[in-house]
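Asks: got a sequence here, can you build the structure:
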Amino acid sequence: MTKPDEVSPKESLLFSSWMTTLQLLKMGIPWNVIQNLSTEEVYMALGVEMATLQKQQEEQARAQAQAQQRGSFKI
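Replies: Model prediction:
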């Protein structure tokens with residue numbers, strides 16, 4: 001196994017490409033569709049997914065804060 005500082009740029013790019021592909025598959029995008037996506041379409045899909053996740057996390061944090069506030073008012 002190589003050390004992180006010994007990874008070639010080609011290996012790094014290949015790893016990144018496969019990680020992106022796996023993320024798109026996890027999002028439910030079929031393999032044959034992924035193969036035909038342009039770079040811009042990949043960026044758009046990942047951007048929408050990340051924005052959706054961020055919104056969900058913010059909503060969860062807000063709900064937890066509200067629940068804690070309600071809990072602190074009980075005597």
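Asks: which stretches of the protein have low pLDDT?
Replies: 1-2, 4, 73-75 (pLDDT under 70).
Asks: helices of that one, start to end?
Replies: Using DSSP state H, the helices of the chain run over 9-26, 31-35, 39-72.
Asks: got CSV for the ones you listed, with mean neighbour count and distance to K3 too?
Replies: The C-beta positions use only the backbone N, C-alpha and C, and glycine is treated the same way. Output for those, formatted as CSV (neighbours: other C-beta atoms under 10 Å; distance: least, C-beta to C-beta, whole Å):
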stretch, mean neighbour count, distance to K3
helix 9-26, 12, 12
helix 31-35, 11, 31
helix 39-72, 11, 29
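Asks: in this structure, which residue is most central in space?
Replies: Nearest to the mean C-alpha position of the chain, counting by C-alpha atoms, centre = their mean, stands M50 at 5.2 Å.
Asks: so who does A67 touch?
Replies: Counting by C-beta atoms under 8 Å, 6 or more residues apart in numbering, A67 touches no other residue.
Asks: and it, how far from Q57?
Replies: Distance, A67 to Q57, by C-beta to C-beta, to the nearest Å: 16 Å.
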